[in-house]
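> Coordinates only, no sequence provided:
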């Protein structure tokens, strides 16, 4: 996990990038990075508000690197009692990872509940997270 700077600095022309929305990023966003042999090979970033996570973008330099980041993100969010990930739009890639659409009324109800739920504003770390799957 990181502050997003390495993630953003790491995106290069030709990388396999998947952007969930076209509304840009905030510097304080959360990032999940995947490294191999000291090299950033993929990851994702987004914004956490309360117990709601808003996915913004994913990229891969090696096969499945963004999927590895997503799997770790889901485990982290579950461990910290987040209630939903807003993927912003349906794509075949996100559907392959379990993403699904819900009715707008259900989304708004959950959004109101989850964004009002307290969650400490802090840098995410892997401390106290079981990495042994």
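Received, thanks. The structure displayed is predicted, hence computed values, not measured ones. Residues are numbered from 1 along each chain as shown.

> any chance you could map the helices in this structure?
Here the chain has its helices, by DSSP state H, at 5-10, 65-79, 92-96, 104-116.

> mean pLDDT for those helices: which is lowest?
In terms of average pLDDT, helix 5-10 trails the rest of the helices of the chain, at a mean of 56.

> which residues of the protein fall in strands?
In the chain, the strands defined using DSSP state E lie at 16-19, 30-36, 39-49, 52-60, 84-86.

> Quick check: buried residues in the second one?
In other words, strand 30-36. By neighbour count, with 16 or more other Cβ atoms under 10 Å as the criterion, the buried positions of strand 30-36 are 30, 31, 32, 33, 34. C-beta: built from backbone N, CA, C; applies to glycine.

> Among those, which one lies nearest to residue 90?
residue 32 (21.1 Å; Cβ to Cβ).

> how close does the closest one sit to residue 106?
Spatial separation of residue 32 from residue 106 under the definition Cβ to Cβ, to the nearest Å is 26 Å.
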